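Peer 1: Fold the following.
(2 chains)
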Amino acid sequence: MIAELGHFALALALPVALIQSIVPMMGAARGVSAWMDVGRPAALLQLALVTTSFSALMWCFINSDFSVVNVFQNSHTAKPLLYKISGVWGNHEGSMVLWILILAAFGAAVAAFGGNLPERLRARVLSVQGMIGLGFLLFVLFTSNPFLRIDPAPIEGRGLNPLLQDPGLAFHPPMLYLGYVGFSMAFSFAVAALIEGRVDAAWARWVRPWTLAAWTFLTLGIGLGSWWAYYELGWGGWWFWDPVENASFIPWLTGTALLHSAIVVERRETLKSWTVLLALITFSLSMLGTFLVRSGIITSVHAFASDPARGVFVLLLLGIAVGGSLTLYAIRAPALEGGGLFAPISREGGLLINNLLLTTAAATVLVGTLYPLLAEAIGLGKLSVGPPYFNAVFIPLMTPLLLLTGVGPFLAWKRADLSGALQRLKLAFVTAIAVFAGVWLLTGGGLGAIAAAAGMALAAWLGAAAIVEWLSRASLNGMPSLSRVLAMPRAAHGMTLAHLGMAVVIVGITGASAWKEERIEALKPGQHIDAGGYRFTFDGARRTDGPNYEAVQGTYTVTKDGAPVAVLTPERRSYAQPPQGTTEAAILSTFTRDLYAVIGEPDGDEGAFVSRIFIEPFVPWLWAGVLMMGLGGFVSLTDRRYRVGAGRRASTVAAVQAAA
Amino acid sequence: MRGRLVFLLPLAIVGALMLVFGKRLLDVGRGEDLRILPTVLLDTPVPDMALDAIPGRGRNPDGLTDEDLRGEVALVNIWGSWCVACLAEHPVLNEIAKSGVVPVQGIAWRDSPAASLGWLAKHGDPYARIGQDPKSRAAIAFGVTGAPETFVVDRQGVIRYKHTGPISPEAWERTIKPLVMELSK
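Peer 2: Numbers count the residues shown, from 1 in each chain, chains lettered A, B, ... in the order given. Presented below is the predicted three-dimensional model:
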C-alpha cells in the first residue's frame, strides 16, 4: 500500500512538472501575470509530491518490505538502521528519486525565497527547472521504477553491497547530488537569461548564491567520497582518477570557474556570454556524470549496475537539455557582449586567467576520461588512461593557477598596480622560499626532493598570501582591528577560508604523494615491520563477528624507539548477504601523518597473515582543507549582499570599497 | 560572421560527443563486450604451468599443466576454500559440470590440500582436474586480481574470455555458455 502511494505520488508529480514547464514560460512570453504565477505553487506542490514518494520508499526500506523488488535487492533485515536508510540511495532507482527530490527542493526554494526576483525571470527559471524535473521523472517512471512489486514476496533480502555499508558513503551521495543538482539552478538561470536576452549585474548576483551552495556541497561530497575510498578500500590511496571520480571532479572545476566569473559579471558587467556558457556546461557535465555512471559505457569500480535501455534514455535527455540549451546559446549569446574594456593587470584580468586555467584543466580531465572511448570510436583499439597522464597535465595547469590565487585578491578592479600588489606579497614570497629551502634540506636535498619542496612552497605561498590579504583588510593603521573585521563582508572571510583550505589541501596532496611509505609482508605473530620510524608488531588475529558479517581482526602494536604509540586493529570482514569481503583499515591520525594498517589473507598454517602497513604523511590535512573550503562556502553564503534587494546594492558596494 | 561561428563551437563539440556515445550504446545493445581492458591476456595462449594434484583427491589424471588445456574448450576456475564468493559460485559450477557442456578445470589458489579436500567433500567437486597453486605462481601468470575468476580457453589453449567474480546463472546462460558453444563448433 505504502509503495503504491509512493508510486502514485511520483506519477502525479509528472503532470505537475508538465504544467510547471509550460504555463509560466508562456505567461512570461505573453506577459500574463496569472500564468507566470502558476510556477510557484507548482514548484511547491512538486516538492510535496516527490517528498511523499521518497518517504514512502524509505518506509519500505526501514520496514524491510521485501515485496518491493528494489528493497529485496538492496536490503536485509540484519542490516543496521542507518544502512537500511542509506540503502534507499545505494542503488540506481532510489538514487534517481533522491536526485529528483533535490531538484524539486531547489525549485521550491526559488518559489519560496525568490520574492525579490523579477516576475518574468522567476517564471522562466521555474519553468526550466520544471522541464529538467519532467525529463528525470519520465526516466524514473519508465525505466527505473523503484516501487515494482514481486509476488510471492521473498522472506529475506539480498543485502546492500557491504562496501557501501559505511557512514562515509551513507552521506556521500546526498552531498554529491546537492552539488550536481544545485548546478541546475545556474543552468535554469542561464537559459532564462538567454531567452530574455539580458544578462546584467543583478542576474549574476542572483545566480551566485545558488552556484556557491552547489559548489560547497559538491566540494564536501567529493571530499567524503575520497575519504571513504581511503579508509574503506584498503589501498591506502585517496584519489584514483577513476572515471566516476572524474565525473564529479570535472563539474567541480567548471563550477569553481563559474563562481569566479560570475563575480566579474556582477562587478564589471563583462564576460557575460562566457559566464552563461559556464553555467550551461557545468550542469551539462553533472548530467554527463550521471550518464557515464549509469549507462555502462565506461567501466569503473564505482559504476552502478548498468542497462543499455537506461543509457539510451539518459543520452536522449542529455541531448535535449545540452543540445537545446547550446542551440539557444548559439542564437542568443552573440548579442550579450558589451561592458567595459579589459585591462590585463586587474582583478577581472586575474579572474579571466583563473577561468582559462580551470576550464582547460576540466577539459584535460574530460579528454582523459573519455579518451579510451573516443580512441575506440576512431579505431585506435582498446586502451586505458591512467594517473600518469592526469598528473602530467594537471600539475602544470594547477601550479600557475595557485600562484595566481595568491596574487589575485590584491589586484584592484579595472586597473591594478601589479608592483604594489607584489610589494605587499613580499612576506608571502619570503615564507614560500623559506619553506622550499627548509623542506628541501630536511628531505635530503637531492633532485628528487625538489618536487615535494616546490609543492610545499606553493602551499605556503597561497596560505601566507591569503592570511596577509585578510590581515591587510582587517587592519586599521597597521594594527588588526575588531571593528574592521566585523565590518568586512562575510564573503571576504569566506574567500580567505576557501583559499586557505586550498593551501592546506595542497600540503596534503604533496605530502601524501612524495613521502608515502608502503610495506607488504606476511607476518607470523611476534614478527614486525619497520616503516617511517615506527615498528608495527603483529600480535595475532582473532575472530570477531558483527551483526551481519564474520570478521578476522588483527592486532598490531605500534612503537617508536621502544615507546608504545598505539594499538591498531584492522579487520577483514566477510559479509554473508551478499557474499563479499571488505577490508576495514585501522588508521591512527596524527597532526602530520596517518599510520594505516590492513590485514590481508592468511598465509600458510602458522598463523601468519599478509600485512600491509602504510605511512601516509599529511593525509589528515586533505580532509581538514576540504572542510575549510566547505566552511568558506557556507560563510560566504551568509553574506548580506545575497539577502538584500537589488535596490540596496549601492550601500553594500560602498561598504566593500570602504573595506578594500 | 566568424564571431557567430565561435558561439556554435560548444554545440558542435557536444554533437560529436553524442554521436560517439550513441554508437557505443548501440554496441551495448548488440551485446558486444564493452569492458575497455578485458584482460591483457585476452587472445594469448595460457601461461606455462605445471601444477601438482591434490594428494588424496583420487582422480586420474589429476594436476594441471598448460598442455592439459589444449585439445578441447575448457573453463579454468580459480578458487580457494577460504573464499566466500567462491562458495556462492559453487552451485553454478556444479550445474555446469553436470550439464557436460564444458569441463571445468580448477586452480586451488593459496590453499592447503587438507582444506581444499574438506571443502570439496562438503560442497561437491565439479572439477575435472585441479592443480594446486599455493604460492600464487599460476594466479600471477593469469593476471588474477581476486577469487573467483574464470577463464574460457579454446581448443588451441588460447584465453578467449575472462569472468571476474562469481559466475551467476545469468552470466553462464547469457555470456559464457554461448561463447563455449561457439568455440566448440
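Peer 1: which ones are touching the nearest residue to A:L418 once chain neighbours are set aside?
Peer 2: Of all residues not flanking A:L418 in the chain, A:I345 sits nearest, at 4.9 Å (CB to CB, 6 or more residues apart in numbering or on different chains). From N, CA and C alone the C-beta is placed, and that goes for glycine too. Taking CB atoms under 8 Å, 6 or more residues apart in numbering or on different chains as the definition of contact, the neighbours of A:I345 are A:411, A:415-416, A:418.
Peer 1: Return the member of those residues nearest to chain B.
Peer 2: A:R415 (26.6 Å; CB to the nearest CB).
Peer 1: Write out the residues of the stretch 551-660 of chain A neighbouring chain B.
Peer 2: Taking CB under 8 Å from any CB of the partner chain as the measure of proximity, the stretch 551-660 of chain A contacts chain B at A:574-576, A:578-581, A:601-603, A:605.
Peer 1: Most neighbours of all those, which one?
Peer 2: Neighbour counts for those, by other CB atoms under 10 Å in any protein chain shown, peak at A:Y575, which reaches 24 neighbours.
Peer 1: Can you give me the neighbour number for the residue lying closest to it once chain neighbours are set aside?
Peer 2: Among residues not flanking A:Y575 along the chain, A:P162 sits closest, at 4.0 Å (CB to CB, 6+ apart). A count of nearby residues for A:P162, using other CB under 10 Å, gives 22.
Peer 1: what residue ranges in chain B score low on pLDDT?
Peer 2: By pLDDT under 70, the low-scoring segments of chain B are B:1-3, B:27-41, B:145.
Peer 1: Thought A:V619 was touching A:F591, still the case?
Peer 2: No: the criterion here is CB atoms under 8 Å, and A:F591 misses it with A:V619 at 11.3 Å.
Peer 1: residues near A:V312, how many?
Peer 2: With neighbours defined by other CB under 10 Å, the count for A:V312 comes to 18.
Peer 1: Pull up the gap between it and B:L26, please.
Peer 2: When CB to CB, to the nearest Å is the yardstick, A:V312 and B:L26 sit 9 Å from each other.
Peer 1: can you give me the strands for chain B?
Peer 2: All strands of chain B, identified by DSSP state E, fall at B:50-51, B:64-65, B:74-79, B:104-109, B:127-133, B:149-153, B:159-164.
Peer 1: partners of the third one in the sheet?
Peer 2: Just to be clear, that refers to strand B:74-79. Strand B:74-79 has the following sheet partners, assigned by DSSP bridges: strand B:104-109 (parallel), strand B:149-153 (antiparallel).
Peer 1: what do you get for the last one?
Peer 2: Partner strands for strand B:159-164, per DSSP bridges, with pairing direction: strand B:149-153 (antiparallel).
Peer 1: tell me how far the partner strand is from the chain's mean position?
Peer 2: Offset of strand B:149-153 from its chain centre (CA atoms, centre = their mean, to the nearest Å): 3 Å.
Peer 1: before we move on, what about stretch B:139-159?
Peer 2: When C-alpha coordinates are averaged (CA atoms, centre = their mean), stretch B:139-159 and its chain have centres 6 Å apart.
Peer 1: dump the residue contacts of residue 96.
Peer 2: Since no chain was named, I'll use chain A. A:M96 makes contact with A:136, A:139-140, A:144, A:146 under the criterion CB under 8 Å, 6+ apart.
Peer 1: meant chain B actually
Peer 2: By CB under 8 Å, 6+ apart, the contact list for B:I96 reads B:75, B:102, B:104, B:126, B:167, B:172.
Peer 1: Name the nearest residue to the fifth one, ignoring sequence neighbours.
Peer 2: Sequence neighbours aside, B:V92 is the residue nearest to B:I167 in space, at 5.1 Å (criterion: CB to CB, 6+ apart).
Peer 1: cool, and the second one?
Peer 2: Using CB to CB, 6+ apart and skipping the chain neighbours, the partner closest in space to B:V102 is B:V180 (4.7 Å).
Peer 1: Now do the one you found against B:T44, distance only.
Peer 2: When CB to CB is the yardstick, B:V180 and B:T44 sit 19 Å from each other.
Peer 1: Have a look at those two and say which one is more surrounded.
Peer 2: When B:V180 is set against B:T44 and neighbours are counted by other CB under 10 Å, the residue ahead is B:V180, at 20 against 11.
Peer 1: So the more buried one sits against B:G100, correct?
Peer 2: No: B:V180 is beyond contact range of B:G100, at 11.5 Å (criterion: CB under 8 Å).
Peer 1: list the buried ones in the helix or strand A:F189 falls within?
Peer 2: Under DSSP states H and E, the secondary-structure element containing A:F189 is helix A:167-196. Taking 16 or more other CB atoms under 10 Å in any protein chain shown as the basis for neighbour counts, the residues of helix A:167-196 that come out buried are A:168-195.
Peer 1: what angle sits between the next helix or strand after that helix and helix A:167-196?
Peer 2: Toward the C-terminal end, the helix or strand that comes next after helix A:167-196 (DSSP H and E) is helix A:201-232. Inter-element angle recorded for helix A:201-232 and helix A:167-196: 160 degrees (by axes from the mean of the first three to the mean of the last three CA atoms, to 10 degrees).
Peer 1: so what does helix A:201-232 touch, helix or strand wise?
Peer 2: In terms of contact count using 3 or more CB pairs under 8 Å, 6 or more residues apart in numbering or on different chains; DSSP states H and E, helix A:201-232 is assigned the packing partners helix A:167-196, helix A:243-268, helix A:272-295, strand A:580-584, helix A:619-637, helix A:649-659.
Peer 1: now that helix, how far from the chain's geometric center?
Peer 2: Put simply, helix A:201-232 sits 5 Å off its chain's centre (CA atoms, centre = their mean).
Peer 1: How about residue 147, nearest residue that isn't a chain neighbour?
Peer 2: Since you didn't name a chain, this refers to chain A. Leaving aside its sequence neighbours, A:F147 sits nearest to A:H7 (CB to CB, 6+ apart; 3.9 Å).
Peer 1: please go with chain B instead
Peer 2: Of all residues beyond its chain neighbours, the one nearest B:A147 is B:C83 (4.3 Å), with distances taken as CB to CB, 6+ apart.
Peer 1: Tally up the residues packed near that neighbour, please.
Peer 2: Residues near B:C83, counting by other CB under 10 Å: 23.
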